[in-house]
Every structure is written in structure tokens, then in C-alpha cells.
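# sequence below, structure please.
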Amino acid sequence: MPTLDAQRRRALPARDFAGPDRSYPVNDTNHARLAKAMAAKYAPPAERAKIDAKANAELRK
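Numbering: from 1, shown residues only. Down below sits the predicted model:
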């Protein structure tokens, strides 16, 4: 997995993010797993469901 530095993160399309304001990138399986873990810890329940759904879609690929 290449490092997702600021330049690469800015280059990602909006569809590669699960949270609001381009938060929780899910551009690959590792980031999808991390998004689920971070959402479980920090996201409000309403956002968590959306983040989990988007991350699960990436993990099923």
C-alpha cells in the first residue's frame, strides 16, 4: 500500500471517501479497514452506518 500523503489524498476523487468533507478515505482495502475502525471509535452513529457501508463495498471488491 503506497502512503497516502497530502498530494495523493487531494488527487483522490470524492467517491473514494466515506465520510463528510472528504474524511475516511476508502480507496483500497487497507484504508477501508482503517475507516471502519476509526469510525467505530470517533464517528457519530448516523455517519458510522454510512462509512461502514462504503467501506464494506470496498472490502467486497
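# what ranges does the protein have for its helices?
6-11, 29-42, 45-60 (DSSP state H).
# out of these, which gets nearest to Ala18?
Across the helices of the chain, Ala18 has its closest neighbour in helix 45-60 (3.6 Å, CB to CB). Heads up, the C-betas are built off the backbone N, CA and C, glycines and all.
# show me what that closest one is packed up against.
helix 29-42 (3 or more CB pairs under 8 Å, 6 or more residues apart in numbering; DSSP states H and E).
# pLDDT weak spots in the chain?
Where the chain drops to pLDDT under 70, the residues are 1-2.
# ok, Asn27 - contacts?
Leu4, Leu12, Asp16, Glu58 (CB atoms under 8 Å, 6 or more residues apart in numbering).
# and if we set it to 7 Å?
Contact partners of Asn27, counting by CB atoms under 7 Å, 6 or more residues apart in numbering, are Leu12, Asp16.
# and it, how far from Arg48?
Between Asn27 and Arg48 the computed distance is 19 Å (CB to CB, to the nearest Å).
# got it, and Arg10?
Taking CB to CB, one finds Arg10 at 25 Å from Arg48.
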